[in-house]
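Q: Give the three-dimensional model of this entry:
(2 chains)
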Amino acid sequence: MDLELKGITENYRERMQRLALFDPLFRLENKREKDEKNQPIDYFGYGLLTLLFFFENMLIRNKKTSTQDLAQYLFALNRGEYSLSLEGFEKVARTIVETFRPPSGKRNEKTFYNWETREYESVHYSILKADRADINSNTQYYKLDEQGLELVFATKEYFTEFQLSINQLVLRKQLEKGEFIGALRQIDEMHIDVESLRNRMTIVKHEIQRNIISDETYERYKQMVEDINARLIRENEEFSELHTFVKETKNRLAYDMNSEKERKAYELILQIDRELGEVHHIHTMLLKESIDLKTTALHAAGEALYFVGIDSFNFKQEITAPLVSKPLPLVASKRLIEPFLKIEQSETWSPLVIFSEQRIETHDGIERTNDFDELSDEALQELENAQVQKLFGDIMTLLLKIMEGKDVITLNEVIERTRVEDPNWLNRRLFYQFWYVMHQRSPIIHEKTEESNGSLFEEVLELIKHKYSSIEIEELPEITIVTERFSIQNMELRLMVGEEDGL
Amino acid sequence: MDYRQEEVIKAFRIYAKISQKGFSEGDELRLYLAEDKVRGLVDQFAKEVDCTIFSVGERLYFVPLAVHSPFHISNDTLKKTYFTGKTVNADIYFMYVTIIILIGEFYDSYQTTEPTRDFISMNDWLEQVNERLETLQAIGEEELKELEKEYEYNWSAIIGKWKDMDDLKETAKSQSGRTISRLSFLHTVKRFLVMQELVQDIGNDELQLTEKAKVIVQRYFMELEYNRGILEFIYSIDRQKEEV
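A: Predicted structure coming up:
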């Protein structure tokens, strides 16, 4: 536990520094100044506008930007929103500049307790700096300082959108330098990126399915989906390259493993290879999904366009309120709720049923059928804990031992060998459940099990994943009486090699 | 439009499956989305029985539209399937009211078509129901009775019942059980909604709407045609009252 969570406090200072950048904006928000009509002035907004104003001026290489210019800009932008004269805006501009660049000359500072070093520390930052001055007119010109630029960038979606690409870049650099531990950490972060990407795509997908009400929104979503798609393709290429790079490094390291240090490095690169493969795999699935999204969902949404939707609808005001405050008759509630309810399903019984195949009941009233027993969801749920996972893994280990490298085996053979190898298993219910569930879930593939029933077969797949990609089970006709208590239908188990090389 | 027999059969198969289960998924969904003629036919079949078909995520849902659709679930079926023998129609209607209040809490803005909150706590829901019923109570019992003479089930009975219940029964260990309290009534409604796949219980006594519920609000209540129908329905009752 401790080991895995040690990353939390890492780079605490840098993160704090990044957060501290926002402080001046909040300090501005706390100003309680009013305009001439007694309306509180939007200092927070003006703060952001100021940053953008200076940023824009830097972009067009205008080196002479003064407080006066800022005030004029704000004044021009205002257009009746606030009741302030140009002088009023000059005051606002001065306050903002002073907040971003304290007139004392001291840099902005934030003191905090650093949980990584366990000491009080402070970070300094400078958002705005004086560029040059015109002594004659006593005017000072300003431009954004390093952290000011950072703050402007932080307000753009820029960072999250390109996070994965950034991580890929960093990873490459780390690999080139041989910083393998850092690289592992980078891959962990990629995992989170890919996960958040997946969430985002799910949201987009849902939105597309219910939200497209006009051509305009349709175009917007189309653009969005195309962007996502293009980005995923680009990232995917990068992943492939990284993968090749890791493989090469791995091969290079494999040749000279003389010292302990080199052996360690080799182990790390093996781990990197595996984990990168995992992230890449999930990412590839996302790419596939995004193509689906582009073809199916968007298409369907486009088709649905001829239904005209309305822009806004306040359920509470238009439905709830009249129902209760007018009030509508109680029975009216049914009409309003109907679209939400399931439909009526009538059950009829046909007399012809008496001629069809009958189920045979034993004297104790329990139905006997020739069907395979199916486990209920609850039973599966119960099985889905780490202990069972572990035991399943144990069974699989035994199984692999018995199979001696073969790809196919029947349950009968397994039972016979188990009688010799480890007869205790045959008296345990779980041994049979293992086969039942495998049969029920066959074929068992890594990503499939992840979705449908958690990680029940995680350990099992872990054991075979370097050589095989899935397990298939097929039932055979005969029933074997294993012990006095248990009998089970024979099955054939096949380990399958997929197209990919066992990732 | 000309249809080939094969298309008609395909469409009918999808229709039959959906009308049997209430939803459809997998290959049928793909077929429905991919083949224009099949989709057209399925939609038409559905329309004939006053239903409509929505695609929600990986599923196609069958939703009855008008009052006289043969597919509407009846109060009796609801009672038999989801509740106990003691449940009366008034309870069912009141359940509908609480559901409408619940959904209103998610969609209470003219600024956006999206829900304005991610989840609601059982307590907030209870508070809303309480507040609404207080408004009703303020109308005055006499007037309320007068208003609803012609209807079998009236609000006064509901208000009376609700008033007699405690918010929660302090002596009971669990409010979700069979104790008689307002909260346990809402828990019953919640269970029903979960079964209908309209809300998800996310723990900590909090509920969130499912995609199905959101789609129904956005594709039905916010659909111009249906929306007009609903509002007309609401106002038509209003007029009737005035005429009385």
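Q: And the residue nearest the centre of chain A?
A: For chain A, A:Glu195 is the residue whose C-alpha lies nearest the centre (C-alpha atoms, centre = their mean; 1.9 Å).
Q: A:Val279 versus that one, what's the distance?
A: 10 Å (C-beta to C-beta, to the nearest Å). Glycine gets a C-beta too; all of them are placed from N, C-alpha and C.
Q: what's the neighbour count on B:Arg228?
A: If you count neighbours by other C-beta atoms under 10 Å in any protein chain shown, B:Arg228 ends up with 11.
Q: Work out for me the element it sits within.
A: helix B:224-243 (DSSP states H and E).
Q: I'd like the distance between the residue nearest to the centre of chain A and A:Ile282.
A: Taken as C-beta to C-beta, the span from A:Glu195 to A:Ile282 is 8 Å.
Q: Contacts made by stretch A:181-192 with the rest, please.
A: For stretch A:181-192, the external contacting residues (C-beta atoms under 8 Å, 6 or more residues apart in numbering or on different chains) are A:7, A:164, A:167-168, A:170-171, A:174-175, A:268, A:271-272, A:275-276, A:278-279, A:282.
Q: average pLDDT for that stretch?
A: The pLDDT scores in stretch A:181-192 average 83.
Q: Ok, stretch A:142-149 next?
A: In the prediction, stretch A:142-149 has an average pLDDT of 85.
Q: try stretch B:213-227
A: 81.
Q: Pull out the buried positions in it.
A: Neighbour-count burial for stretch B:213-227 flags B:213-223, B:226-227 (criterion: 16 or more other C-beta atoms under 10 Å in any protein chain shown).
Q: All the strands of chain B, residue numbers only.
A: For chain B, strands defined by DSSP state E occupy the ranges B:23-25, B:51-56, B:59-64, B:120-121, B:199-201, B:206-209.
Q: TSV please, covering these and showing distance to A:Lys465 and mean pLDDT.
A: Converted to TSV, the strands of chain B look like this (distance: least, C-beta to C-beta, whole Å; pLDDT from 0 to 100):
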stretch	distance to A:Lys465	mean pLDDT
strand B:23-25	30	79
strand B:51-56	35	77
strand B:59-64	32	79
strand B:120-121	43	90
strand B:199-201	33	89
strand B:206-209	36	90
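Q: Out of these, which one sits most buried?
A: Sort these by mean neighbour count, taking mean count of other C-beta atoms under 10 Å in any protein chain shown, and strand B:59-64 sits at the top with a mean of 23.
Q: the inter-axis angle of that one versus strand B:51-56?
A: Between strand B:59-64 and strand B:51-56, the angle comes out at 150 degrees (axes from the mean of the first three to the mean of the last three C-alpha atoms, to 10 degrees).
Q: what pairs with strand B:59-64, and is each one parallel or antiparallel?
A: As defined by DSSP bridges, the strand partners of strand B:59-64 come to strand B:23-25 (antiparallel), strand B:51-56 (antiparallel).
Q: chain center to the shortest one, what's the gap?
A: Distance of strand B:23-25 from the chain centroid (C-alpha atoms, centre = their mean, to the nearest Å) equals 19 Å.
Q: before we move on, what about the longest one?
A: For strand B:51-56, the separation from the chain centroid amounts to 15 Å (computed by C-alpha atoms, centre = their mean).
Q: Figure out how far stretch A:231-250 is from the centre of its chain.
A: 20 Å.
Q: the bottom helix or strand of chain A by mean pLDDT?
A: The least trusted helix or strand in chain A, going by mean pLDDT, DSSP states H and E, turns out to be strand A:367-368, with a mean of 48.
Q: Please work out the angle formed by the directions of the helix or strand encompassing A:Val194 and strand B:51-56.
A: If you go by DSSP H and E, A:Val194 is part of helix A:180-211. Using the same axes, to 10 degrees, the inter-axis angle of helix A:180-211 relative to strand B:51-56 is 170 degrees.
Q: Show me the helices in chain B, by range?
A: Using DSSP state H, the helices found in chain B span residues B:5-21, B:27-34, B:36-48, B:75-82, B:89-106, B:122-139, B:141-147, B:155-164, B:182-195, B:211-216, B:224-243.
Q: The ones you listed: which one's closest to chain A?
A: Closest approach to chain A among the helices of chain B (C-beta to the nearest C-beta): helix B:89-106, 3.3 Å.
Q: any bit of that closest one sitting next to chain A?
A: Yes - Helix B:89-106 lies within reach of chain A by C-beta under 8 Å from any C-beta of the partner chain, at B:90, B:92-94, B:96-97, B:99-101, B:103-106.
Q: can you list the residues you listed in JSON lines and add neighbour count and pLDDT?
A: JSON lines is the format used below for the residues of helix B:89-106 next to chain A (neighbours: other C-beta atoms under 10 Å in any protein chain shown; pLDDT from 0 to 100):
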{"residue": "B:Ala90", "neighbour count": "17", "pLDDT": "80"}
{"residue": "B:Ile92", "neighbour count": "22", "pLDDT": "85"}
{"residue": "B:Tyr93", "neighbour count": "23", "pLDDT": "86"}
{"residue": "B:Phe94", "neighbour count": "24", "pLDDT": "88"}
{"residue": "B:Tyr96", "neighbour count": "25", "pLDDT": "90"}
{"residue": "B:Val97", "neighbour count": "27", "pLDDT": "91"}
{"residue": "B:Ile99", "neighbour count": "24", "pLDDT": "93"}
{"residue": "B:Ile100", "neighbour count": "22", "pLDDT": "92"}
{"residue": "B:Ile101", "neighbour count": "22", "pLDDT": "93"}
{"residue": "B:Ile103", "neighbour count": "28", "pLDDT": "93"}
{"residue": "B:Gly104", "neighbour count": "21", "pLDDT": "92"}
{"residue": "B:Glu105", "neighbour count": "21", "pLDDT": "92"}
{"residue": "B:Phe106", "neighbour count": "23", "pLDDT": "91"}
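Q: Kindly present those residues as JSON lines, with separate columns for distance to B:Ala34.
A: What follows is the residues of helix B:89-106 next to chain A, written out as JSON lines (distance: C-beta to C-beta, whole Å):
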{"residue": "B:Ala90", "distance to B:Ala34": "47"}
{"residue": "B:Ile92", "distance to B:Ala34": "40"}
{"residue": "B:Tyr93", "distance to B:Ala34": "42"}
{"residue": "B:Phe94", "distance to B:Ala34": "44"}
{"residue": "B:Tyr96", "distance to B:Ala34": "37"}
{"residue": "B:Val97", "distance to B:Ala34": "41"}
{"residue": "B:Ile99", "distance to B:Ala34": "35"}
{"residue": "B:Ile100", "distance to B:Ala34": "37"}
{"residue": "B:Ile101", "distance to B:Ala34": "40"}
{"residue": "B:Ile103", "distance to B:Ala34": "33"}
{"residue": "B:Gly104", "distance to B:Ala34": "37"}
{"residue": "B:Glu105", "distance to B:Ala34": "38"}
{"residue": "B:Phe106", "distance to B:Ala34": "33"}
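Q: re the thing from before, buried by neighbour count, from the contacts of stretch A:181-192: which ones?
A: The neighbour-count test (16+ other C-beta under 10 Å) applied to the contacts of stretch A:181-192 identifies A:164, A:167-168, A:170-171, A:174-175, A:268, A:272, A:275-276, A:278-279, A:282 as buried.
Q: Which of these sits closest to chain B?
A: The nearest member of the buried ones among the contacts of stretch A:181-192 to chain B, counting by C-beta to the nearest C-beta, is A:Ile282 at 19.4 Å.
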